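> Predicted model follows, preceded by the sequence.
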Amino acid sequence: MDIATLVGLLVGVGLIGWAVVSRSDLTSFVDVSSVAIVLGGSSAAALVSFPLRHVSGVARVVKNAFFARPPEPDKLIGDLVKYAEVARRDGILSLENMTKNIDDRFIVTGIQMAVDGTDPELIEQIMSSELESVAERHAAGKALFDAIGKYAPAFGMIGTLIGLVIMLQHMDDPSKIGPGMAVALLTTLYGALLANLVALPIADKLAVRSQEELLAKMIVVRGVMSIQSGDNPRIVEQKLMTFLPPAQRAKRGEGRDG
Amino acid sequence: MDIATLVGLLVGVGLIGWAVVSRSDLTSFVDVSSVAIVLGGSSAAALVSFPLRHVSGVARVVKNAFFARPPEPDKLIGDLVKYAEVARRDGILSLENMTKNIDDRFIVTGIQMAVDGTDPELIEQIMSSELESVAERHAAGKALFDAIGKYAPAFGMIGTLIGLVIMLQHMDDPSKIGPGMAVALLTTLYGALLANLVALPIADKLAVRSQEELLAKMIVVRGVMSIQSGDNPRIVEQKLMTFLPPAQRAKRGEGRDG
Amino acid sequence: MDIATLVGLLVGVGLIGWAVVSRSDLTSFVDVSSVAIVLGGSSAAALVSFPLRHVSGVARVVKNAFFARPPEPDKLIGDLVKYAEVARRDGILSLENMTKNIDDRFIVTGIQMAVDGTDPELIEQIMSSELESVAERHAAGKALFDAIGKYAPAFGMIGTLIGLVIMLQHMDDPSKIGPGMAVALLTTLYGALLANLVALPIADKLAVRSQEELLAKMIVVRGVMSIQSGDNPRIVEQKLMTFLPPAQRAKRGEGRDG
Amino acid sequence: MDIATLVGLLVGVGLIGWAVVSRSDLTSFVDVSSVAIVLGGSSAAALVSFPLRHVSGVARVVKNAFFARPPEPDKLIGDLVKYAEVARRDGILSLENMTKNIDDRFIVTGIQMAVDGTDPELIEQIMSSELESVAERHAAGKALFDAIGKYAPAFGMIGTLIGLVIMLQHMDDPSKIGPGMAVALLTTLYGALLANLVALPIADKLAVRSQEELLAKMIVVRGVMSIQSGDNPRIVEQKLMTFLPPAQRAKRGEGRDG
Amino acid sequence: MDIATLVGLLVGVGLIGWAVVSRSDLTSFVDVSSVAIVLGGSSAAALVSFPLRHVSGVARVVKNAFFARPPEPDKLIGDLVKYAEVARRDGILSLENMTKNIDDRFIVTGIQMAVDGTDPELIEQIMSSELESVAERHAAGKALFDAIGKYAPAFGMIGTLIGLVIMLQHMDDPSKIGPGMAVALLTTLYGALLANLVALPIADKLAVRSQEELLAKMIVVRGVMSIQSGDNPRIVEQKLMTFLPPAQRAKRGEGRDG
C-alpha cells in the first residue's frame, strides 16, 4: 500500500473534519441529496465521456496502482543479472526451470520466448506491445480521475444553483434564507473536496505510478533481450544500470564490491 | 447504441430532476426564454465558428458515433484471416465473389482494389486518405461539441446578467426580487448542465469512438495489404494481432487452439 | 458571403434582443459610456499588443475571409487538368494566352513562371513563400480576434468594478443602488457578448477559412509543378485528387465517367 | 517610438479616466495603499520568480523594444546587396573601410569576420549564438511581463480580501460599509488594469518585436555568409528576398526595375 | 543565498503586513484553524499526488536551489581550460593529483574517468545520465511547488465555504454575521498568498536555477570530453565559450588579452 496516499487522504479528511467540528457539528455538513448531485452527476458525466469498459476497469487500475507496487528497479536488475549468469553457465534452456519460481508474469513470458528461441525482433515487438498496452490502461485510469476532477466542481456549482433558485423562490420566511443558502453551498464544498483532495491528486499519483511500472517493464525487456543475445552478465548489469539514477547506481556498485 | 452514454445521460438528468422535485416543483425550473438564450446563443456562436457544412454534418457524425459501433477488432481480424485463407487456397480473384456478402464498404473497396491488381502503394495511399478523412470528420464533430461546451456557460452567464439588470432596474417591489433573481440564475444552471452533462462528455466520447474506428480501419488496411502480398494466413493473423491489447491477444490465441 | 456567419450573428443578436424586449425595454440596456469602455478598452489593449500594420490590415483579412470564398478544390482541379491538357496538346507556351482569362493571380503567377521556363525548384520556393505569407496574414487576423475575445471580458469586468465603486461611494440614497448596479453590470454583459458572440467565433471561422484557402493554394502549387514537368493530364488529376476527401473524389470520378 | 503602443496606452487610460470623471471624481479612485499592494505585490512575486539580473535587465529590453526599431528588412537587404557589389568589384578587403560608416554592430562584426577570412562555419556559429542570445533576452523580458500579468490580478484580489475582512470586522457603523467596500474593490480594479491594459499587451508586443529583430538578424547572417562566399550581388539579393513577404518582394522588384 | 528571492518574499510579506496594520490590527488576520486548513489541505493533496520520496526530497532540492549556487559558467570554463593546460603539459595522468583540490564532485568524477582511460562514449553516457537525473530531481521539486500553487487556492475556497455554511446556519444574531464572514474569507486570503507569493514564484525560480545548473554540468561534460581527447587548451576554451552569451564571451576575451 502506498503510504503517502493513505496519509494524505486521512490528513486531508481529518483536517476538514476538525475544522468543522471545532466550530459547528458535523451533521449540519452532511446532506444526502447534495452528495447524490455531486457524486452522481460527476459519475454520470464520466459514463457519457468514456466507454463502459474504461469505467468498469478503473477499479482494477486503481487497486494495482495503490497496492501492487512495481518491483524495485534495483532488485529487478539483480534478478535479471542472476538469470543471465545461469544462462551463461548452464545454457539458456536451463532458465525454463527457474520460471516456475518467478511471480512476475511479464518476466516469465519474456524468458519463455527467449528459451523457445523466438526471433529477438518478435520478442521485442510483443513485449513492447504489452508495455504500450499497460501504458494505455494507466492513461485511461488517469483520464477518468481527471474527468471527475473536472466535473465534480461543475456539478457542485449546479447543485448550488438549484439550491439558490429554490431558496430565492421562497423568500417569504426570512429565517429560512440562511439555512437554505447553507445547504445550497454544501454541493460546491463537496465538489471542491472531491476534486482537490481525491480526484486530481490521485490522477497525479497514477501518472507517477505508471512511470515507475513502465520503467520496470522496460528494464525487463532490455534484460531479456540481453540475456537471449548471450551477453556476459556484467554487460547485462551495465546495460540495465543506465536505467537507474546515479545515486542508486553508486549504492548498487558499492553493495556489489562490498 | 452505446449503453454508457444513454445510462450516463439518464442518470444525470434523473438525479438533477430528483434533486429539484424532492425540494421544489419542476415547473419553477422551466423557463422558455432562458432555454432560448442558452441553446440559441450557443448554436449561434457555433454557426459563426464553423462552416455550415460542419454544423449540418454533425448529426450524421453523432448518429454514427453512438449507433454504428465499429466492428470488434477481434472479429475483424478473424474475417481478414478467413479472406487470406481463401486467397491462399483459391487465388486472390476468388475474393471478388465474397465481397458481395461483406457489409463494410471499406473492406470491400480494399479487396476490390487488391483483386484488380492495383499497385500496392496506390492502395495504401487511397485507403490512408480515406482514413484521414474519417479522422477529420470526427475531429470536426468533436470541435463542434467542444465549442458548445465552451459557449453554453458563457451564454448562461449572459442570460443571468440580462435577468439581473432587469431585476435591479425594478427593485421597487421587494417581493419580486427573489423570484426575479431565481429566473436570472436559471440560464447559468442551463448553461452548466448543457456543457457538463451533455456537450463536453459527448466530445470526449466522440474522441474515444474515433480512435476505435480508426483502429478498425488501420487493421483493414494492414490486412488487405498483407492479403495482396500473398502472405500466409498465419502471418496475416500475427501481423494484425499486434494491434490488439495483450489480454485480447491471449484470449484469441486460446480460442484458436481450443 | 458566408451564410453561417451572417445567420449566426443575426440569430444571436436577435435572441438576446428578444430576451430583453420581452421582459423590459431595450433603452435600459444601452449605455454609451459602457460601450466605450468595453469596445475602446479592448481596442486599446489590441493596439498595444500588435503593431499598427496588423491592426490596420485586419479589415482586409476579414473581408477576404467572409466574402472572397476560396475556389472549390473540385473546380480548381478541373481547371488545372484542363491547363495540363492544353499544355500536353499545344505545348506549355500555349498556356500564356490562357492566363488572360484566369482571375486567380496565384495561378497566373505560377503558370507564367512555368511558361518562362523558371527552374522548378525556384517556382516551388516562390509559391511556397507566398503560401506561408498568406498563412501568416491569416494567423495575424486570428490573433487579433483572439486578443479581443480575451480582453473584452476583462474590460467588461473593469467597467463593472468602476460602476460598483461609484455606486458604493454614494449609498446614501437606497433607491439608486439598484439602477446603479444595473448600469455597472452592463459592461460585463457587453464584454461577454463581444467575446462569445463575435470575437471568439470569428477567430475560429478565420482558422477554418485559412485552412481552406491554403488547401486551394497547395493544390495550385502541386498542379503547376506537375504541368511544368509535362505530366499526362490523367496523372495530374490523380495527384491532385489526393487532396480531396474520398466522398468528393468519388463524386468527381463519377462525373468524369458519366 | 512605437506609435501603436503609445496610442493604445493613452486611449485606454483616457477612456477609463473619462468613464470615471464623467460619473464621479478621480480622487475617490486613487488609493495609495491599494497601489502599493498591487504594484508591490506583483513586483515581489516577480522578484521571487526570476533572478535579479532578469529583472534589472528588463528596462533595457523594454527600451530597445519600443524605441530602437529593428532596421526595415527591405532597407537591410539593399545595404547588404550594396556591400556585396563593393566586395565583388573591389575585393572583400575593401569592405573594411565601409564598416566605419555602419551603425549596426551586428553587421560590422559579421563583415569584420568575413574580411579577416574567418572560417565560414565559425562565422555562422558565432552569429547564430548572438542571435539565440538576443532571442533569450527577449524571452526573459516577455516572461517578466507575463508574470506581472498573472500576479497583478491575484494581488488585486488579495487586496480586496484584506479590505473586505477589515470592513466585515467593523460593521457597527452601516454608513461605512459602502465606502469600505469601494476602497476594497480598488485593488481588484488596479490589478485588472495593470494586467489587461499594460502587462499582457506589452508581453504580446515584445513577442512581435522580438520576431522582427530576429528576422533582421537572420537576414544579416545569411547576407554576410553569401558575401563571403563571393556570390554575385543579384544572387545575394535573390537569396535574401526569400525572407520578405511577397507583397514587399514585388514592391522591391518594381523599385529596382524603375 | 539568492538575494532576489529573499528580497521578494520580504517585500511581499512586508507590504501585505503594512496594508493590514495601517488600517486594522494583525491579530484579527491570524486564525490558526484557517492556517491549518490551507497549509494542511494543500500538503495533504501534495502527499496524495506524489510518492513520499518526492515530498521528503524536496527540502534538499529547495536548499540546493537557493543556497548552493551553481558555479559561474565563466569561472568553470577557466578551471577546465586550466586542467586542459596541465593535461597538455604533464600528461592526463597528472590531473589525478589535482582532483583532490576540486570541490565539485561532478568534475572530479569526470576527470577520474578520463584519467582511468574509460571509453569516451561511456564517460559521456554516465555523465549525461547524471545530468538527466539532476534535471528530473529539479522537475520533481518544481512539480511539488506547482501542485501547492494549484491546491492552496482550492483549499482556501474550501475553508471559506465551511465558514460560510457555519455562518449561514447561525444567522439569528446579526452582529455575528460580519465577523463570521471575515474569518471565513481568511482562508481564501491565505490560499491566494501561499500560491501567488510563495509557491508559484518559487516554482518559477526553481526552473531558472535548474537551467543554470544544467548549463554548468553541460559545460563540464563537454570540457572533460575535450580534455580527454587531448584538445589544445585554446580549442577547449573555444568549444566551451559557445555556451556563453555573447556579452560574457566578449568580456572573457578582453580579460584574457588584458
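Happy to help now that I have it.
> shaky segments in the stretch 51-200 of chain A?
A:64-66, A:68 (pLDDT under 70).
> List the contacts of the residue of the stretch 101-250 of chain A found nearest chain D.
Proximity of the stretch 101-250 of chain A to chain D (CB to the nearest CB) peaks at residue A:178, 16.2 Å away. (Glycine included, C-beta is placed from N, CA and C.) Applying CB atoms under 8 Å, 6 or more residues apart in numbering or on different chains to residue A:178 gives the contacts E:168-171.
> swap the cut-off to 10 Å and go again
Contacts here follow CB atoms under 10 Å, 6 or more residues apart in numbering or on different chains; on that basis residue A:178 touches A:167, E:165, E:167-172, E:177.
> ok, so what distance separates it from residue E:171?
Distance, residue A:178 to residue E:171, by CB to CB, to the nearest Å: 4 Å.
> overlap in contacts of the two?
Common neighbours of residue A:178 and residue E:171, using CB under 10 Å, 6+ apart, are residue E:177.
> The strand or helix carrying residue A:220: which residues count as buried?
Assigned by DSSP states H and E, residue A:220 belongs to helix A:200-228. For helix A:200-228, burial by neighbour count (16 or more other CB atoms under 10 Å in any protein chain shown) applies to A:200-210, A:212-214, A:216-228.
> Over to stretch A:175-194?
A:177-194.
> Show me what residue of the stretch 1-150 of chain A gets nearest to chain D.
For the stretch 1-150 of chain A, CB to the nearest CB, closest residue to chain D: residue A:23, 16.7 Å.
> where does that residue fall, phi/psi-wise?
phi -120, psi -10 (degrees, to the nearest 10).
> and it, what does it touch?
E:33, E:162-163, E:166-167, E:170, E:180, E:183.
> Quickly find the element holding the residue of the stretch 101-250 of chain A closest to chain D.
helix A:177-193.
> measure the most centrally placed residue in chain A to residue A:153 for me?
Residue closest to the average C-alpha location in chain A (CA atoms, centre = their mean): residue A:206, at 2.9 Å. Computed with CB to CB, the distance linking residue A:206 and residue A:153 is 20 Å.
> is any part of the longest helix seen in chain A close to chain E?
For chain A, the longest helix by residue count, based on DSSP state H, is helix A:120-169. Yes: remark: helix A:120-169 sits within contact range of chain E at A:153, A:156, A:160, by CB under 10 Å from any CB of the partner chain.
> Number of residues surrounding the second one?
Other residues near residue A:156 number 27, with proximity taken as other CB atoms under 10 Å in any protein chain shown.
> And for residue A:232?
12.
> Just confirm it contacts residue A:89, I think it does.
No: if you go by CB atoms under 10 Å, residue A:232 and residue A:89 don't touch, sitting 11.6 Å apart.
> and the helix or strand just after the helix holding residue A:220, what does it pack onto?
Next in sequence after helix A:200-228, counting helices and strands by DSSP H and E, comes helix A:233-241. Counting contacts by 3 or more CB pairs under 10 Å, 6 or more residues apart in numbering or on different chains; DSSP states H and E, helix A:233-241 packs against helix A:73-90, helix A:200-228, helix A:246-257, helix E:120-169.
> So which of those is nearest chain C?
helix E:120-169 (18.4 Å).
> Helix, strand, or coil at residue A:69?
coil (DSSP: H, G, I helix; E, B strand; the rest coil).
> which residues touch residue A:12?
A:193, A:196-198, A:201, E:37, E:40-45, E:47-48, E:151, E:155, E:158.
> just to revisit the earlier point, centre of the chain versus the helix holding residue A:178, how much separation?
Put simply, helix A:177-193 sits 31 Å off its chain's centre (CA atoms, centre = their mean, to the nearest Å).
> do stretch A:111-120 as well
That offset, for stretch A:111-120, works out to 31 Å (CA atoms, centre = their mean).
> Could I get the buried residue list for that stretch?
A:111, A:113-115.
> Could you export those residues as TSV, including distance to residue E:73 and secondary structure?
Shown next, in TSV, are the buried residues of stretch A:111-120 (distance: CB to CB, whole Å; DSSP: H, G, I helix; E, B strand; the rest coil):
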residue	distance to residue E:73	secondary structure
A:111	49	helix
A:113	50	helix
A:114	48	helix
A:115	53	helix
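> just curious, which of those is nearest to residue A:52?
residue A:113 (33.5 Å; CB to CB).
> Tell me the spacing between that closest one and residue A:120.
9 Å.
> Any chance you could list residues touching both of these two?
Joint contacts of residue A:113 and residue A:120 (CB under 10 Å, 6+ apart) are A:224, A:228.
> Kindly tell me how buried the closest residue to residue A:43 other than its chain neighbours is, as a neighbour count.
Of all residues beyond its chain neighbours, the one nearest residue A:43 is residue B:11 (7.3 Å), with distances taken as CB to CB, 6 or more residues apart in numbering or on different chains. Close neighbours of residue B:11, defined as other CB under 10 Å, add up to 18.
> Next, the angle from the helix holding residue A:178 to helix E:177-193.
10 degrees (axes from the mean of the first three to the mean of the last three CA atoms, to 10 degrees).
> tilt between helix A:177-193 and helix E:120-169?
Using the same axes, to 10 degrees: helix A:177-193 against helix E:120-169 is 170 degrees.
> quick check, the longest helix of chain A touching chain B?
Yes: contact of helix A:120-169 with chain B (CB under 10 Å from any CB) involves A:122, A:125-134, A:136-137, A:140, A:143, A:147, A:150-155, A:157-169.
> now the angle between helix B:200-228 and that helix, please.
160 degrees.
> Residue A:248 and chain B, how far apart?
Relative to chain B, residue A:248 is positioned 29 Å away (criterion: CB to the nearest CB, to the nearest Å).
> sorry, back to before: overlap between the buried residues of stretch A:111-120 and the residues near chain D?
Okay, of those, nothing touches chain D (CB under 10 Å from any CB).
> Closest one to chain C out of those residues, please.
Lowest distance from chain C to these (CB to the nearest CB) belongs to residue A:113, with 40.9 Å.
> In this structure that closest one contacts residue A:224, no?
Yes: between residue A:113 and residue A:224 there is a contact under CB under 10 Å: 7.7 Å.
> In contact with residue A:82, which residues are there?
Neighbouring residues of residue A:82 by CB under 10 Å, 6+ apart: A:98, A:233, A:236.
> So the second one sits against residue A:85, correct?
Yes: because the distance of 4.6 Å satisfies CB under 10 Å, residue A:233 is recorded as touching residue A:85.
> how close does the spatially most distant residue from the centre of chain A sit to residue A:180?
Most distant residue from the mean C-alpha position of chain A: residue A:172, 51.2 Å away (CA atoms, centre = their mean). To residue A:180, residue A:172 is 12 Å away according to CB to CB.
> Next: residue A:123.
For residue A:123, the distance to residue A:180 equals 66 Å [CB to CB].
> what about residue A:10, neighbour count?
There are 12 residues near residue A:10, going by other CB under 10 Å.
> Next, find the distance separating residue A:27 from residue A:186.
12 Å.
> on that earlier part again, does chain E have contacts with the helix holding residue A:220?
Yes: contact of helix A:200-228 with chain E (CB under 10 Å from any CB) involves A:200-209, A:212.
> Looking at those residues, which is nearest residue D:7?
Among these, and counting by CB to CB, the member closest to residue D:7 is residue A:200, at 44.1 Å.
> show me the residues around that closest one that make contact.
A:145-146, A:148-150, A:152, A:194, E:45, E:48-49, E:147, E:150-151, E:154.
> Also residue A:53?
Here residue A:53 is in contact with A:140, B:4 (criterion: CB under 10 Å, 6+ apart).
> tell me the contacts of residue A:71?
Counted by CB under 10 Å, 6+ apart, residue A:71 has contacts A:77, A:79, A:103-104, A:106-107, A:212-213, A:216-217, A:219-220.
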